[in-house]
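Sequence and predicted model, in that order:
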Amino acid sequence: MAKMSQEKIDEIRQSVDIVDVIGQYLALHKAGRNYKAVCPFHNDTNPSLMISQQKQIYHCFVCGNGGNAFTFLQRFNNISFMEAVEQVAEMGNVDISDYVIPHQQVAKVAEGVKVYYDMHEEAAKLYSYYLNTRAGTLAMDYLRGRGFDQDTLTKFDIGYAPPKPVLYNAFSKLDYKEVDMVKSGLVIESERHYDRFSDRIMFPLHDDRGRVVGFSGRIYRPGDDGAKYVNSPESEIFIKGRTLYNYHRALDSAKREGFVYINEGFMDVIAMSRAGHDNAIALMGTALTSGHMQLLNRMCKRVVLCLDGDEAGQNAAIKAAEILQENQFKVEMILLPEGRDPDEILTSEGRGGLDEILRHLIKPLDFMLEHETMRLNMNDYEDRKSLLIKGCAAISRLTDKIDRAAYIEELAKRTHFSEAIVREQLSEAAKRQVVKDEYPVSPVEQVRQTQAVMNKYDRAERSLLFYMLNDRAVARRYEVEAGFMYNDTYRILASYIVDYYHHHQEMNEADLINRIGDHQGNLISTLAAVADSHLPLPYSDKAIDDYIKIISENALRLKKEQLRDQFNHIIDPQVKSEILKQIIALEKENI
C-alpha cells in the first residue's frame with residue numbers, strides 16, 4: 001500500500017466545502033460572502049468564528065483559532081491530522097483504501113488520559129460479566145421484570161456492580177496506579193480504596209465516539225432507601241456538558257430519520273429503543289450547553305423534546321426549547337401526561353400507546369401556553385396577567401406576521417383579556433426585548449484596533465503577508481527585495497508562501513495549511529488571521545514599495561544594533577575595526 005502523498009491530501013481537502021464540514025458541528029449564518037458561528041474553542045457568547053467559503057478557511061477573531069477543514073476537525077474532535085483526513089475523505093467520497101494511514105486509533109490529545117479510557121472499558125466488561133453471575137441474579141430479575149430482554153441488555157451494555165470491590169482488585173492486578181484509579185472516578189480513596197459503585201445496576205455512559213467515559217448506577221432492591229441513581233463524577237474524560245446519553249448509537253438513525261428525540265433520562269431512551277425509536281438521546285439531568293449544541297449540530301437540525309410530564313420536566317422542556325431555537329434548531333414538543341415518562345407509558349400501555357403519544361407534536365409556544373394554562377388558575381386575575389406577560393414575551397420573538405396574529409388571538413382567549421390589551425402588552429414586550437449586536441466590535445474594527453497597537457514594522461510585515469497571499473508577484477518581490485521579517489512567525493509564514501508559489505501559480509490558503517502541517521498550530525492560526533485581514537484590494541504598487549522599504553529599514557536597524565552590541569563586547573582591536581567598517585557601510589546603505 002502506498003503512503004498518502006501531498007497531492008492526495010489536497011484532493012481530499014478539495015472534495016468538500018468547509019462550510020458543509022463545519023456546518024455538521026455548528027449552526028452557521030450567512031454574513032456577506034462569509035459565514036459566522038459561535039466559536040467552540042473558547043467561551044463565546046457572540047458569533048466570532050468566521051468561515052470563508054472562497055478561501056476554504058476559518059478564523060476566530062477572539063481566540064485566534066483558525067485553519068482549514070482538517071484543522072477544524074482535529075481541534076473540535078481531538079483527533080490526529082490523519083484521522084481528520086480520513087473523516088474528510090469519507091465526507092467527500094474519496095477512496096483511500098490503497099493508502100497507508102500512519103496514525104494510532106487513539107487521538108493524540110487523548111494520550112495523557114488513555115489510562116482512564118482503558119479502565120472504563122475494563123469496568124464495563126466486568127459489570128457485564130457480573131450481571132450474568134449468581135451475584136447478579138436479583139438485578140437480572142429486576143431488569144427482566146421491567147421488560148429488558150437479552151438484546152436490550154447487550155445493546156446498551158447494561159451490567160451489575162457487586163458489593164465487593166471488583167474494580168479495585170482487578171485494576172491492582174493490571175498494575176494501574178492507585179492515583180489513576182481515583183482520578184478515573186471509579187475508585188474512591190478514604191481510609192482504604194473501594195469501588196464507587198456497589199450493588200447497583202450499571203448503565204455505561206459513552207462519549208460521541210462510543211468510548212465509555214462514566215457510569216450511572218441504579219438501585220433495584222425493594223425498600224432500598226439509597227439514592228436512586230449514583231453517577232460518575234466529572235473527570236478528564238467525562239464532562240456532562242459535552243455528553244449526551246446514547247449519542248453514538250443514535251447518530252446514524254437521527255440523520256436517517258431527519259430528527260432526534262431528546263428525553264430526560266437513559267431509562268426513557270432505552271424504552272424508546274424497545275419501541276423501535278433508535279433516534280433518541282438523553283440529557284441525564286443537565287441543562288443544554290454549548291457543547292450539547294455542537295453535538296446536536298452533527299446529527300440534524302430538527303429536535304423533538306420529549307421530557308417527563310411532571311412540573312420539573314415540563315419547565316425543563318420549555319427552557320430547552322428556547323435554547324434550541326436560539327441555536328437555529330427546528331423544535332417540536334410532546335406534552336406527556338401529567339407525571340409520566342416514556343418508560344412508564346411503554347410499560348403500562350405498550351408500544352402502541354407510546355407511539356400514539358409520540359404522534360402528537362406541538363410547537364414550543366403552544367406547549368408553553370398549554371403548560372401554563374394547566375398550571376395556573378385562569379379564574380385568578382394575577383395568574384391571567386402572569387400568562388399574558390409571559391405569552392407576549394414569547395410572541396414578541398416571532399417573525400411571521402400570520403403566526404403572531406394567530407397567537408395574539410389564542411392568548412386573548414386563554415387569558416380573557418381583549419386582543420387590544422394583548423397587542424398593547426406585546427408592544428411593551430417588544431420595547432423591553434434586548435437585541436444584542438452580532439458583533440460588539442466589527443471584524444474590520446477589530447483588525448484596525450489590532451493594527452493600531454502594532455508598531456510600523458509589525459504592520460508592514462503583516463500587511464505584506466496579506467498581499468503575498470493574494471498575489472504571486474508580491475511574494476516574488478518580497479523574495480528578491482527583502483527576504484526578511486523580524487517577527488519569527490511572519491518570517492516562517494513568508495517562507496512557506498514563497499515556496500508554495502514555486503510550485504503553484506495561484507494561492508490556495510487551505511492547501512497551504514496542509515503543507516505547514518498539523519504541528520504548527522500557531523502558524524496556521526496566524527495564516528488564517530492574516531488571510532482574513534480587511535485590507536484594500538487591489539493593492540497599489542506604492543503600498544508594496546512602502547512595506548518593503550519599512551521591512552528593509554528594520555532589517556538594517558537590527559543588523560546595526562547587533563553589530564554595535566558585538567563592538568561593545570569585543571576586545572580584539574582588529575575585530576573591532578572590521579565590525580566598525582560594517583557599521584559604516586550599513587549607515588551609507590541607509591542614506
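Received, thanks.

need the strands for the stretch 251-400 of the chain, in chain order.
For the stretch 251-400 of the chain, the strands identified by DSSP state E, counting those that start in this stretch occupy 260-263, 280-282, 302-305, 330-333, in order along the chain.

mind listing what Leu231 touches?
In this structure residue 231 is Asn, not Leu. Contact criterion Cβ atoms under 8 Å, 6 or more residues apart in numbering gives 205, 214-217, 284 as the residues in contact with Asn231. Glycine gets a C-beta too; all of them are placed from N, C-alpha and C.

I'd like those laid out as CSV, including neighbour count, distance to Asp458 and pLDDT.
Compiled in CSV, the contacts of Asn231 are given as follows (neighbours: other Cβ atoms under 10 Å; distance: Cβ to Cβ, whole Å; pLDDT from 0 to 100):
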residue, neighbour count, distance to Asp458, pLDDT
Leu205, 24, 48, 96
Gly214, 26, 47, 96
Phe215, 25, 52, 96
Ser216, 21, 53, 94
Gly217, 25, 57, 95
Met284, 20, 49, 78
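
farthest-separated two in the residues you listed?
Greatest spatial distance among the contacts of Asn231 (Cβ to Cβ): Gly217 and Met284, at 13.0 Å.

quick check: mean pLDDT across the longest helix anywhere in the chain?
Looking across the chain with DSSP state H, the single longest helix is helix 541-569. Predicted confidence along helix 541-569 averages 81 (mean pLDDT).

helices or strands next to it in the packing?
Counting contacts by 3 or more Cβ pairs under 8 Å, 6 or more residues apart in numbering; DSSP states H and E, helix 541-569 is packed against helix 456-470, helix 472-481, helix 573-590.

Could you report the separation of the closest residue to Asp199 other than its chain neighbours from Ala316?
Nearest in space to Asp199, with sequence neighbours left out and distances taken as Cβ to Cβ, 6 or more residues apart in numbering, is Pro163 at 4.8 Å. Using Cβ to Cβ, to the nearest Å, we find Pro163 at a distance of 34 Å from Ala316.

These two: who's more crowded?
In terms of neighbours (other Cβ atoms under 10 Å), Ala316 is the more surrounded of Pro163 and Ala316; the figures are 20 against 10.

so the more buried one touches Asp310, yeah?
No: judged on Cβ atoms under 8 Å, Ala316 makes no contact with Asp310 at a distance of 9.7 Å.

Surely Tyr35 is in a strand?
Yes: remark: Tyr35 belongs to a strand, assigned using DSSP: H, G, I helix; E, B strand; the rest coil.

Test of understanding: give the bridge partners of it.
When bridges are taken as DSSP bridges, the partners of Tyr35 come out as Lys30, Ile51.

coming back round to it: could you identify which of the helices and strands packed on helix 541-569 is most buried?
Stretch with highest mean neighbour count among the helices and strands packed on helix 541-569: helix 456-470 (a mean of 22; mean count of other Cβ atoms under 10 Å).

Please compute how far that helix lies from its chain's middle.
The chain centre lies 32 Å from the centre of helix 456-470; the measure is Cα atoms, centre = their mean, to the nearest Å.

Now do the buried residues in the longest helix of the chain.
For helix 541-569, burial by neighbour count (16 or more other Cβ atoms under 10 Å) applies to 543-544, 547-548, 550-552, 554-555, 560, 563, 567.

No more questions from me, cheers.
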